[in-house]
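J.: Need a 3D model of the following:
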Amino acid sequence: MIPEQNQVDEQSPPKKPPYIGHTLDEARKLAAQQGYALRVMRMDGENLLGTTDVVPNRIDIAVENGIIVPR
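T.: Next comes the predicted model:
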């Protein structure tokens, strides 16, 4: 059976939790508690290097003035 567009599939993994608005330290603590790792890919407007390996529990983030912002 194919789930309808608005129907939640109970076997789907939960969506990644948002960290926008938290400080980097707060976000790292929250992520660790929830089983995720954070990787800063942009810091204060400067793009940072990252590897292309796939880590399912890693979330790429952007930081401006110590606060997580949308990428």
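
J.: only C-alpha atoms for contact and neighbour calcs from this point on.
T.: OK.

J.: Strands of the protein, start to end?
T.: Using DSSP state E, the strands of the chain run over residues 37-43, 46-47, 58-64, 67-69.

J.: which residues touch the spatially most central residue of the chain?
T.: Central residue of the chain (Cα atoms, centre = their mean): residue 59, 3.3 Å from the mean position. Contact analysis of residue 59 by Cα atoms under 8 Å, 6 or more residues apart in numbering lists 16, 36-39.

J.: 6 Å - rerun?
T.: If a contact means Cα atoms under 6 Å, 6 or more residues apart in numbering, then residue 59 has residue 38 as its contacts.

J.: So for it, what's the pLDDT?
T.: Per-residue confidence (pLDDT) for residue 59: 94.

J.: Kindly report the same for the one 5 residues further on.
T.: According to the predicted model, the pLDDT of residue 64 comes to 98.

J.: Same question for the one 5 residues further on.
T.: Here, the pLDDT recorded for residue 69 equals 95.

J.: most tightly surrounded among the strands of the chain?
T.: Here the criterion is mean neighbour count by mean count of other Cα atoms under 10 Å, and of the strands of the chain the winner is strand 67-69, at a mean of 20.
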